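Colleague: I'd like to go over a predicted model; first the sequence, then the structure.
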Amino acid sequence: MGTTASQLRKDLLSEYQELTFLTKQEIILAHKRFSELLSKEDRNVPTPRVPMEKVLSLPELKSNPFRKRICHVFSTSDMKDGSLTFEDFLDLLSAFSDPATLEIKSHYAFRIFDFDDDGTLDGGDLEKLVNCLTGETDDTRLTTEEMRQLISNILEESDIDKDGTVNLSEFQHVISRSPDFVSSFKIVL
């Protein structure tokens, strides 16, 4: 389904519009931005991939503390290198678009925060999440005791089945009570 032409075929454009939450104009802009990230050699490959480092250079991702996790979650690369095809890029933009549903956004947020990809948010994932949000400098890093207390509070509030982790349904339950989540979980080109 991938295309490297400077113009998207009309049938692909329609298909992408049906499969995403993006408008035709957004898809065309996404294709333009994706194509700008491709090297000259990659433009002739049937399904080109943009390396994660180039994706991370986009201003829309540059300052996002979860930028590398975002690339890894949306990448379909067998190499697990965070590189993106155009369709991966569209999936990313679709999930972060305004029309994407709470269920879609919370599903991807959960996957982004699940740093060890084990299907649950445990203490290690929560610590990494907090460090991403607060920064990992000596000035902003929480003390061991502060981190322990914060993780304990998060689990107390979120871990409904009391198994020491937060699963997807528990995470979605918490997110459903956060009115700002849908509007803040977005990336606009």
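Modeller: That came in fine, so what should we check first? Residues are numbered from 1 along each chain as shown.

Colleague: tell me the spacing between N64 and F96.
Modeller: Separation of N64 from F96 (C-beta to C-beta, to the nearest Å): 10 Å. For glycine as for every other residue, the C-beta is placed from the backbone atoms N, C-alpha and C.

Colleague: those two: who's more crowded?
Modeller: F96 (23 against 16; other C-beta atoms under 10 Å).

Colleague: starting at the chain centroid, how far to the helix or strand encompassing N153?
Modeller: Secondary structure from DSSP states H and E places N153 in helix 144-158. Relative to its chain's centre, helix 144-158 lies at 24 Å (C-alpha atoms, centre = their mean, to the nearest Å).

Colleague: could you do stretch 44-59 as well?
Modeller: How far stretch 44-59 lies from its chain's middle: 15 Å, per C-alpha atoms, centre = their mean.

Colleague: begin at 16 from now on, thanks
Modeller: Taking 16 as the first residue, the last one we looked at is stretch 59-74.

Colleague: with just CA atoms, put it into PDB.
Modeller: The C-alpha trace of stretch 59-74 is given here as PDB (Å, rounded to 0.1, in the frame of the first residue of the first chain):
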ATOM      1  CA  ASN A  59      12.800   4.900  -5.100                       C
ATOM      2  CA  VAL A  60      12.200   2.100  -2.600                       C
ATOM      3  CA  PRO A  61       8.700   0.500  -2.800                       C
ATOM      4  CA  THR A  62       8.000   1.000   0.900                       C
ATOM      5  CA  PRO A  63      10.600   3.400   2.300                       C
ATOM      6  CA  ARG A  64      11.300   3.800   6.000                       C
ATOM      7  CA  VAL A  65      12.400   7.000   7.700                       C
ATOM      8  CA  PRO A  66      14.900   6.400  10.500                       C
ATOM      9  CA  MET A  67      13.700   7.300  14.000                       C
ATOM     10  CA  GLU A  68      16.400  10.000  14.300                       C
ATOM     11  CA  LYS A  69      14.900  11.800  11.300                       C
ATOM     12  CA  VAL A  70      11.300  11.400  12.600                       C
ATOM     13  CA  LEU A  71      12.500  12.800  15.900                       C
ATOM     14  CA  SER A  72      13.800  15.900  14.100                       C
ATOM     15  CA  LEU A  73      10.200  17.000  13.400                       C
ATOM     16  CA  PRO A  74       9.300  20.100  15.400                       C
END
